[in-house]
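**Student:** build me a model from this:
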Amino acid sequence: MEKIDEGIYKLKINLPFRWTPELNIYIITGDEITLIDTGMGDPNSFRAISDALKGIRLELTDINKIINTHEHVEHFAGDENIKKASGANVSAHKKAANIIQNFNNYVSELFNTIKEAEIEPRMRAVAEGYLSFQAAISSTNVEKPLKEGDVVDLGSVILKAIHTPGHAPGHICLYDEERKILFSGDQVIGTGTPFVGYGITDMIVDRVANKLGMKKVEHGNMTDYLNSLERLLSLDMKIILPSHGPIITEPYKKIREDMERKLLREQMILKALESGEDTLDGLTRKAYGSYQLDYLLKGSTMAYIDRLLALGKIEKVERENQNYYKLR
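**Tutor:** Residues are numbered from 1 along each chain as shown. Alright, predicted model coming up:
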């Protein structure tokens, strides 16, 4: 565990994902003992949190508050075990709270959707494997749903919630104005940029929602993500504490680099379309040069396509049950 500032500690725990193998949990001490995110809820993570607290002469029972930066499982799956041990209250953006509080029903609905969907066997197998993993995660009550500008008063530390959708609809950053510290969640990560787009289940639901008469899930949105980055540039920051990767000591440089990186990928897609119309698969290969983690890459490419369609830079043509994209 690493001490960041007086009363602020960073605990790094392992995750079972090859694309994000570690998570930073932040422990804030003082008048209200607070965790920012809780990990996967597995025994190793739970033990790591307990041991870290003991290292600063605290116990799990001392935790008063949990704040979830967003509704992706590695950020909230540990909530219920921590609550049972401590009685802590949970705060999250109201959109994230809706998922966190109803997660078991949410996963069950996705399972049912996939059963009804006409999709290729490999895509079905990947989605069902992912949902089987998620089915073991407990829903938990969120006592304080947050909105833009809400303040979480921890006594010695006051955090302002900044709604930063894009990576996830219910994503928030937490800003300590006095110390000029931003807890950025996955909006700004220590190395590279976060995934923005359609997850494997999002892609399936998006494909079959109209046919099954169901509401589409909200997925990652590239324009929202870029707008959220732009907003963060107006804050007075000394450091950024991300959920993944090392501490960011040059906040404005890193944010601008992230914006440039995403916009460069967008230009690669537009460049690829200069030679003629193409499909999602074709554009994914041209934009990333690889098909490793192909569903993730296709999900990311789809977010760029959505943005370019909304900006009127490209158009979609459906032919023989296949979508093609071309420059306008």
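
**Student:** only C-alpha atoms for contact and neighbour calcs from this point on.
**Tutor:** OK.

**Student:** burial measure for Asn104, as a count.
**Tutor:** Applying other CA atoms under 10 Å, we find 17 other residues in the vicinity of Asn104.

**Student:** and it, what does it touch?
**Tutor:** Asn104 sits next to 135, 137-139 when contact means CA atoms under 8 Å, 6 or more residues apart in numbering.

**Student:** what's next to stretch 189-202, contact-wise?
**Tutor:** Residues contacting stretch 189-202 (CA under 8 Å, 6+ apart): 110, 123, 126-127, 166-168, 186-188, 217-222, 225, 242-248, 258, 261, 295-296, 298-304.

**Student:** repeat for stretch 42-62
**Tutor:** With contacts defined as CA under 8 Å, 6+ apart, stretch 42-62 is touched by 1, 11, 13-14, 33, 39, 78, 81-82, 85-87.

**Student:** give me the subset of the residues you listed that lies in helices.
**Tutor:** 81-82, 85-86 (DSSP state H).

**Student:** low pLDDT regions in the stretch 151-300 of the chain?
**Tutor:** For the stretch 151-300 of the chain, the stretches with pLDDT under 70 are 208-217, 290-293.

**Student:** give me the three-state assignment for Asn304.
**Tutor:** Heads up, residue 304 is Tyr, not Asn. The three-state label given to Tyr304 by DSSP: H, G, I helix; E, B strand; the rest coil is helix.

**Student:** distance of it from Glu277?
**Tutor:** In this structure, Tyr304 lies at 15 Å from Glu277, with CA to CA, to the nearest Å as the measure.

**Student:** same thing with Val196?
**Tutor:** According to CA to CA, Val196 stands 24 Å off from Glu277.

**Student:** neighbour-wise, which of the two wins?
**Tutor:** Remark: of Val196 and Glu277, Val196 carries more neighbours, 26 against 18, as counted by other CA under 10 Å.

**Student:** tell me the most packed of the ones in helices among the contacts of stretch 42-62, by neighbour count.
**Tutor:** Ile82 (24 neighbours).

**Student:** that one touches Asn89, doesn't it?
**Tutor:** No. Ile82 lies out of contact with Asn89 (CA atoms under 8 Å); the separation is 9.8 Å.

**Student:** quick one: residues in contact with the helix or strand hosting Lys262.
**Tutor:** Using DSSP states H and E, the secondary-structure element containing Lys262 is helix 251-273. Residues from elsewhere that reach helix 251-273, judged by CA under 8 Å, 6+ apart: 188, 192-193, 226, 229, 233, 237-240, 248, 283, 286-287, 304, 325-327.

**Student:** list buried residues within these.
**Tutor:** Neighbour-count burial (16 or more other CA atoms under 10 Å) is assigned, among the contacts of helix 251-273, to 188, 193, 226, 229, 237, 239-240, 248, 283, 286-287, 304, 325-327.

**Student:** helices - which of those residues land there?
**Tutor:** Residues of the buried ones among the contacts of helix 251-273 located in helices (DSSP H): 226, 229, 283, 286-287, 304.

**Student:** just the residues you listed now: which is nearest Tyr106?
**Tutor:** Relative to Tyr106, the closest of these is Tyr304; by CA to CA it sits at 26.1 Å.

**Student:** could I get the full set of helices for the stretch 1-150 of the chain?
**Tutor:** In the stretch 1-150 of the chain, the segments counted as helices under DSSP state H, counting those that start in this stretch are 43-55, 73-76, 79-86, 94-101, 103-116, 121-134.

**Student:** mean neighbour count, those: which tops it?
**Tutor:** Using mean count of other CA atoms under 10 Å, the stretch among the helices of the stretch 1-150 of the chain with the largest mean neighbour count is helix 73-76, at a mean of 23.

**Student:** give me the contact list for that one.
**Tutor:** Under the criterion CA under 8 Å, 6+ apart, residues 15, 23, 37-40, 68-70, 100, 134, 137 lie in contact with helix 73-76.
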